[in-house]
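[1] Next come a sequence and a model predicted from it.
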Amino acid sequence: MAISSVDGSTAAAASANSIGLQDFLKILLTQLNYQDPLKPMDNQAFMAQMAQFTALEQTQRMNDKLDLLIANQSALQSVGLIGRQVDVTTNSGNITGTVASLSLQGDQPKLSVRTSDGSLLEDLGLAQVSAVR
């Protein structure tokens, strides 16, 4: 038996995020199909809805571009770590070493850190870097 939220706030927030432009267009077309021909939709209300659709689409595009900007900024900041000494948190504890290389494959940059004993730790994420010296 599944247990659901009592207040329903998380379900309402999740459903608000899942409505997209296509959903709004479906609602508008359904509304236009079933409207009373003797009492058509008010022109001002129709234009207000179209303005909301346009604002929604522009907001979605802006969010996509912000995500891309954040990913690019993260990659650019990680380039500055090459050759610097960093403290890295791993499963075996904190390790200090020098960033030897950087891999930009995927959406997150990965660091390779050479420790003082000469071993190379690879595929470390930026979140694992606790300090830069």
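    Right, received. Where do you want to start?
[2] Neighbouring strands of the top strand by length along the chain in the sheet, and parallel or not?
    Longest strand in the chain by number of residues (criterion: DSSP state E): strand 93-103. Applying DSSP bridges, strand 93-103 is found paired with strand 85-90 (antiparallel), strand 110-115 (antiparallel).
[3] K39 is nearest to which of those?
    Among the strands paired with strand 93-103, the nearest to K39 by CB to CB is strand 110-115 (61.7 Å). (C-beta placed from N, C-alpha, C; glycine too.)
[4] in the longest strand of the chain, what's buried?
    Residues of strand 93-103 classed as buried by neighbour count (16 or more other CB atoms under 10 Å): 95, 97-99.
[5] Return the member of the residues you listed nearest to V132.
    V99 (8.9 Å).
[6] show me where the chain has helices.
    All helices of the chain, identified by DSSP state H, fall at 9-18, 21-33, 43-79.
[7] okay if I get those helices as TSV plus mean neighbour count, distance to V113 and mean pLDDT?
    Converted to TSV, these look like this (neighbours: other CB atoms under 10 Å; distance: least, CB to CB, whole Å; pLDDT from 0 to 100):
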stretch	mean neighbour count	distance to V113	mean pLDDT
helix 9-18	9	37	50
helix 21-33	12	44	82
helix 43-79	12	12	87
